[in-house]
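[1] Just the structure for this:
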Amino acid sequence: MQRKAHGSGVVALLAALLLAGCTGSPGDDGRTDAANPGSAGTATPAAEPGKYRTLPEPCGAVARSTLDSLLPGIKQLTDEEQREKAYAGEPTLTYDTDRKVGCRWKVDSADATNRLLIDFERVVSYEGSVSDDSQAELIFAEKQAAADLPEPTASGTVTETSSPTPGNSPSSTASSASSASASPSTAASGLQPRVLDDLGDEAFLDDALSTAGSTAQQRTVTVAFRTSNVIVAIVYEEQPATVGAVPDSAEMQDRARKLAAQLDDTLTG
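    Model prediction:
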(Lines give C-alpha, C1' and ligand atoms only; values in the text may rest on other atoms or scores of the structure.)
Protein backbone atom coordinates (compact mmCIF):
# COMPACT_ATOMS: atom_id res chain seq x y z
CA MET A 1 0.00 0.00 0.00
CA GLN A 2 1.26 3.40 -0.85
CA ARG A 3 0.77 5.61 2.17
CA LYS A 4 0.41 9.22 1.13
CA ALA A 5 -0.79 12.27 3.01
CA HIS A 6 -3.91 14.03 1.69
CA GLY A 7 -1.68 16.76 0.33
CA SER A 8 -4.08 19.19 -1.26
CA GLY A 9 -6.76 19.20 1.43
CA VAL A 10 -4.52 19.21 4.51
CA VAL A 11 -2.01 21.69 3.09
CA ALA A 12 -4.80 24.04 2.02
CA LEU A 13 -6.34 23.86 5.49
CA LEU A 14 -3.02 24.53 7.19
CA ALA A 15 -2.37 27.50 4.90
CA ALA A 16 -5.82 28.97 5.51
CA LEU A 17 -5.55 28.65 9.27
CA LEU A 18 -2.07 30.14 9.36
CA LEU A 19 -3.21 33.03 7.18
CA ALA A 20 -6.14 33.70 9.51
CA GLY A 21 -3.75 34.34 12.37
CA CYS A 22 -1.53 36.71 10.39
CA THR A 23 -3.99 39.25 9.01
CA GLY A 24 -3.22 42.00 11.50
CA SER A 25 -0.46 44.52 10.98
CA PRO A 26 2.65 44.44 13.21
CA GLY A 27 1.93 45.86 16.62
CA ASP A 28 -1.82 45.90 16.02
CA ASP A 29 -3.49 44.86 19.28
CA GLY A 30 -6.99 44.94 17.80
CA ARG A 31 -8.03 48.19 19.55
CA THR A 32 -8.86 51.64 18.21
CA ASP A 33 -6.64 54.58 19.05
CA ALA A 34 -8.39 56.16 22.05
CA ALA A 35 -6.48 59.40 21.50
CA ASN A 36 -7.74 59.63 17.92
CA PRO A 37 -11.34 58.37 17.92
CA GLY A 38 -11.75 59.47 14.33
CA SER A 39 -8.87 57.37 13.04
CA ALA A 40 -9.45 54.78 10.34
CA GLY A 41 -8.54 51.87 12.62
CA THR A 42 -11.39 49.59 13.68
CA ALA A 43 -11.56 47.22 16.63
CA THR A 44 -10.87 43.58 15.86
CA PRO A 45 -13.43 41.43 17.68
CA ALA A 46 -11.89 38.98 20.12
CA ALA A 47 -11.93 35.38 18.94
CA GLU A 48 -14.34 33.01 20.64
CA PRO A 49 -12.91 30.95 23.51
CA GLY A 50 -13.08 27.18 23.25
CA LYS A 51 -16.03 25.19 24.53
CA TYR A 52 -13.97 23.23 27.03
CA ARG A 53 -12.22 24.77 30.04
CA THR A 54 -11.42 21.48 31.83
CA LEU A 55 -10.52 17.89 30.94
CA PRO A 56 -11.88 14.56 32.20
CA GLU A 57 -9.97 12.50 34.73
CA PRO A 58 -8.34 10.12 32.21
CA CYS A 59 -7.89 6.95 34.28
CA GLY A 60 -11.55 7.11 35.29
CA ALA A 61 -12.81 7.90 31.80
CA VAL A 62 -12.95 4.28 30.60
CA ALA A 63 -15.64 2.00 32.00
CA ARG A 64 -14.59 -1.33 33.46
CA SER A 65 -16.73 -3.22 30.97
CA THR A 66 -14.84 -1.46 28.16
CA LEU A 67 -11.49 -2.35 29.74
CA ASP A 68 -12.66 -5.98 29.96
CA SER A 69 -13.13 -5.92 26.18
CA LEU A 70 -9.92 -4.07 25.31
CA LEU A 71 -7.73 -5.88 27.83
CA PRO A 72 -8.99 -9.49 28.06
CA GLY A 73 -6.20 -10.43 30.46
CA ILE A 74 -7.84 -8.44 33.26
CA LYS A 75 -10.49 -11.12 33.73
CA GLN A 76 -7.78 -13.76 33.96
CA LEU A 77 -6.18 -12.12 36.99
CA THR A 78 -7.10 -14.14 40.05
CA ASP A 79 -5.44 -11.84 42.57
CA GLU A 80 -7.95 -9.14 43.47
CA GLU A 81 -5.31 -6.54 44.29
CA GLN A 82 -3.55 -7.06 40.95
CA ARG A 83 -6.88 -6.89 39.13
CA GLU A 84 -7.83 -3.61 40.81
CA LYS A 85 -4.41 -2.16 39.95
CA ALA A 86 -4.87 -3.22 36.33
CA TYR A 87 -8.27 -1.50 36.16
CA ALA A 88 -6.87 1.68 37.75
CA GLY A 89 -4.31 2.32 35.01
CA GLU A 90 -1.33 4.64 35.32
CA PRO A 91 -1.55 8.41 34.70
CA THR A 92 0.88 9.73 32.10
CA LEU A 93 3.39 12.36 33.14
CA THR A 94 2.05 15.88 32.66
CA TYR A 95 3.00 19.32 33.94
CA ASP A 96 -0.34 21.03 33.35
CA THR A 97 -3.44 18.95 34.02
CA ASP A 98 -5.66 21.78 32.77
CA ARG A 99 -4.14 21.39 29.31
CA LYS A 100 -3.02 17.78 28.91
CA VAL A 101 -3.83 14.50 30.68
CA GLY A 102 -3.56 10.82 29.84
CA CYS A 103 -3.64 7.28 31.18
CA ARG A 104 -2.11 3.97 30.14
CA TRP A 105 -2.88 0.32 30.83
CA LYS A 106 -0.90 -2.86 30.16
CA VAL A 107 -2.22 -6.37 30.78
CA ASP A 108 -0.69 -9.74 29.93
CA SER A 109 -2.86 -12.77 29.24
CA ALA A 110 -2.23 -16.33 28.13
CA ASP A 111 -2.88 -15.29 24.52
CA ALA A 112 -1.40 -11.80 24.18
CA THR A 113 -0.13 -8.61 25.75
CA ASN A 114 -2.49 -5.66 25.34
CA ARG A 115 -1.69 -1.99 25.88
CA LEU A 116 -4.02 0.97 25.88
CA LEU A 117 -3.20 4.67 25.99
CA ILE A 118 -5.67 7.56 26.00
CA ASP A 119 -4.66 11.20 25.79
CA PHE A 120 -6.68 14.42 26.14
CA GLU A 121 -5.29 17.79 25.02
CA ARG A 122 -7.17 21.05 25.57
CA VAL A 123 -5.99 23.63 23.06
CA VAL A 124 -5.83 27.29 24.02
CA SER A 125 -4.95 29.98 21.48
CA TYR A 126 -2.74 32.82 22.61
CA GLU A 127 -3.52 34.86 19.47
CA GLY A 128 -6.36 37.27 20.09
CA SER A 129 -7.61 36.91 16.52
CA VAL A 130 -7.46 33.10 16.47
CA SER A 131 -10.08 31.11 18.35
CA ASP A 132 -9.26 28.07 20.45
CA ASP A 133 -11.23 25.92 18.00
CA SER A 134 -9.26 27.24 15.03
CA GLN A 135 -5.98 26.60 16.81
CA ALA A 136 -7.13 23.06 17.65
CA GLU A 137 -8.13 22.55 14.03
CA LEU A 138 -4.64 23.57 12.92
CA ILE A 139 -2.95 21.21 15.39
CA PHE A 140 -5.22 18.34 14.40
CA ALA A 141 -4.50 18.94 10.71
CA GLU A 142 -0.78 18.64 11.48
CA LYS A 143 -1.37 15.35 13.33
CA GLN A 144 -3.41 13.98 10.45
CA ALA A 145 -0.71 14.98 7.95
CA ALA A 146 1.93 13.28 10.14
CA ALA A 147 -0.17 10.09 10.13
CA ASP A 148 0.54 9.80 6.38
CA LEU A 149 -2.83 8.25 5.57
CA PRO A 150 -3.20 6.46 2.21
CA GLU A 151 -4.61 8.54 -0.62
CA PRO A 152 -8.23 7.46 -1.31
CA THR A 153 -9.25 6.85 -4.91
CA ALA A 154 -12.54 7.83 -6.52
CA SER A 155 -13.95 4.43 -5.54
CA GLY A 156 -13.13 5.04 -1.87
CA THR A 157 -10.32 2.49 -1.72
CA VAL A 158 -6.65 3.26 -1.27
CA THR A 159 -3.85 3.23 -3.76
CA GLU A 160 -1.84 0.00 -3.44
CA THR A 161 1.41 -1.34 -4.80
CA SER A 162 2.47 -4.97 -5.29
CA SER A 163 4.00 -4.96 -1.82
CA PRO A 164 3.16 -2.71 1.14
CA THR A 165 5.50 0.17 1.82
CA PRO A 166 6.34 1.17 5.40
CA GLY A 167 4.36 4.02 6.90
CA ASN A 168 4.50 5.91 10.13
CA SER A 169 1.82 5.67 12.78
CA PRO A 170 0.58 9.06 14.01
CA SER A 171 2.49 11.05 16.57
CA SER A 172 0.91 12.61 19.62
CA THR A 173 1.53 11.67 23.18
CA ALA A 174 0.47 8.45 21.56
CA SER A 175 3.92 8.34 20.02
CA SER A 176 4.45 4.88 21.44
CA ALA A 177 3.04 3.59 18.17
CA SER A 178 5.99 2.42 16.09
CA SER A 179 6.61 2.64 12.34
CA ALA A 180 4.85 -0.20 10.58
CA SER A 181 3.10 -1.25 7.39
CA ALA A 182 -0.53 -2.14 6.87
CA SER A 183 -1.18 -5.56 5.43
CA PRO A 184 -2.77 -5.98 1.96
CA SER A 185 -5.71 -7.85 3.52
CA THR A 186 -6.42 -4.86 5.75
CA ALA A 187 -6.60 -2.54 2.75
CA ALA A 188 -8.65 -4.98 0.71
CA SER A 189 -11.22 -5.40 3.46
CA GLY A 190 -11.82 -1.65 3.86
CA LEU A 191 -9.98 -1.47 7.17
CA GLN A 192 -7.11 0.63 5.86
CA PRO A 193 -6.00 3.80 7.69
CA ARG A 194 -8.55 6.45 6.85
CA VAL A 195 -10.47 9.59 7.78
CA LEU A 196 -13.56 8.95 9.92
CA ASP A 197 -16.69 11.01 9.37
CA ASP A 198 -18.80 9.79 12.31
CA LEU A 199 -16.71 10.93 15.26
CA GLY A 200 -16.30 14.37 16.81
CA ASP A 201 -15.77 17.36 14.52
CA GLU A 202 -13.07 15.45 12.62
CA ALA A 203 -11.24 12.17 13.13
CA PHE A 204 -8.92 9.60 11.58
CA LEU A 205 -7.83 6.01 12.19
CA ASP A 206 -4.44 4.41 11.65
CA ASP A 207 -3.74 0.66 11.65
CA ALA A 208 -0.15 -0.57 11.63
CA LEU A 209 1.34 -4.04 11.79
CA SER A 210 4.98 -4.39 12.80
CA THR A 211 7.45 -7.07 13.73
CA ALA A 212 8.33 -6.86 17.39
CA GLY A 213 11.33 -8.89 18.46
CA SER A 214 12.04 -11.85 16.20
CA THR A 215 8.83 -13.09 14.60
CA ALA A 216 5.98 -11.90 16.82
CA GLN A 217 3.79 -9.31 15.12
CA GLN A 218 2.30 -6.37 16.99
CA ARG A 219 -0.69 -4.45 15.72
CA THR A 220 -1.25 -0.83 16.73
CA VAL A 221 -4.61 0.84 16.09
CA THR A 222 -4.76 4.58 16.68
CA VAL A 223 -7.93 6.67 16.67
CA ALA A 224 -7.61 10.45 16.99
CA PHE A 225 -10.45 12.95 16.97
CA ARG A 226 -11.18 16.60 17.73
CA THR A 227 -14.25 17.95 19.48
CA SER A 228 -14.19 21.75 19.61
CA ASN A 229 -10.89 22.68 21.27
CA VAL A 230 -10.10 19.22 22.71
CA ILE A 231 -8.05 16.62 20.83
CA VAL A 232 -8.27 13.00 21.93
CA ALA A 233 -5.93 10.18 20.93
CA ILE A 234 -6.38 6.46 21.60
CA VAL A 235 -3.56 3.98 20.97
CA TYR A 236 -4.50 0.31 21.28
CA GLU A 237 -1.82 -2.38 20.86
CA GLU A 238 -1.83 -6.15 20.85
CA GLN A 239 1.12 -8.53 20.64
CA PRO A 240 0.20 -12.24 20.53
CA ALA A 241 2.02 -14.72 22.73
CA THR A 242 1.99 -17.29 19.94
CA VAL A 243 4.66 -17.02 17.26
CA GLY A 244 3.11 -16.41 13.86
CA ALA A 245 -0.23 -15.22 15.21
CA VAL A 246 -1.51 -11.90 13.79
CA PRO A 247 -3.86 -9.66 15.79
CA ASP A 248 -7.26 -9.23 14.18
CA SER A 249 -7.54 -5.80 12.58
CA ALA A 250 -11.34 -5.64 12.40
CA GLU A 251 -11.75 -6.60 16.06
CA MET A 252 -9.14 -4.12 17.30
CA GLN A 253 -10.51 -1.28 15.19
CA ASP A 254 -14.03 -1.97 16.40
CA ARG A 255 -12.94 -1.88 20.05
CA ALA A 256 -10.91 1.33 19.59
CA ARG A 257 -13.72 3.10 17.72
CA LYS A 258 -16.27 2.16 20.37
CA LEU A 259 -14.01 3.59 23.06
CA ALA A 260 -13.53 6.77 21.00
CA ALA A 261 -17.30 7.18 20.69
CA GLN A 262 -17.67 6.75 24.46
CA LEU A 263 -15.00 9.37 25.17
CA ASP A 264 -16.64 11.77 22.72
CA ASP A 265 -19.95 11.27 24.53
CA THR A 266 -18.17 11.97 27.83
CA LEU A 267 -16.97 15.30 26.46
CA THR A 268 -20.21 16.37 24.82
CA GLY A 269 -22.62 14.87 27.36
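
[2] shaky segments in the stretch 151-269 of the chain?
    152-188, 211-215 (pLDDT under 70).

[3] can you pull out the helices in it?
    Using DSSP state H, counting those that start in this stretch, the helices of the stretch 151-269 of the chain run over 184-188, 249-268.

[4] From D206, how far off is the spatially closest residue to A261 that is not a sequence neighbour?
    Excluding the flanking residues, the one nearest A261 by C-beta to C-beta, 6 or more residues apart in numbering is L199, at 6.5 Å. Backbone N, C-alpha and C define where each C-beta goes, glycine included. Distance, L199 to D206, using C-beta to C-beta, to the nearest Å: 14 Å.

[5] More neighbours: those two, which one.
    Between L199 and D206, counted using other C-beta atoms under 10 Å, D206 has the larger neighbour count: 27 against 21.

[6] okay but that one is in contact with A147, surely?
    Yes - counting by C-beta atoms under 8 Å, D206 touches A147, with 5.2 Å between them.

[7] Quick one: closest of the helices of the stretch 151-269 of the chain to D119.
    Among these, the nearest to D119 by C-beta to C-beta is helix 249-268 (10.3 Å).

[8] Give the other helices and strands that the closest one contacts.
    Helices and strands touching helix 249-268, by 3 or more C-beta pairs under 8 Å, 6 or more residues apart in numbering; DSSP states H and E, are helix 64-70, strand 202-212, strand 216-227, strand 230-240.

[9] any chance of the ones you listed in TSV, plus distance to A110?
    Shown next, in TSV, are these (distance: least, C-beta to C-beta, whole Å):
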stretch	distance to A110
helix 64-70	16
strand 202-212	18
strand 216-227	15
strand 230-240	11
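
[10] got the contact list for A216?
    239-240, 243, 245 (C-beta atoms under 8 Å, 6 or more residues apart in numbering).

[11] Which members of these are classed as buried?
    239-240 (16 or more other C-beta atoms under 10 Å).

[12] and which of the contacts of A216 is nearest T266?
    Using C-beta to C-beta, the contacts of A216 come closest to T266 at Q239, 28.3 Å.

[13] Distance check, F120 against E238.
    23 Å.

[14] just G50 next, same as before
    34 Å.

[15] Of those two, which one has the most company?
    Shown here are G50 and E238; by other C-beta under 10 Å, E238 has more neighbours (25 against 19).

[16] And the strands in the stretch 1-150 of the chain?
    90-91, 100-108, 112-122 (DSSP state E, counting those that start in this stretch).

[17] Let me know which of those is tucked in deepest.
    strand 112-122 (a mean of 22; mean count of other C-beta atoms under 10 Å).
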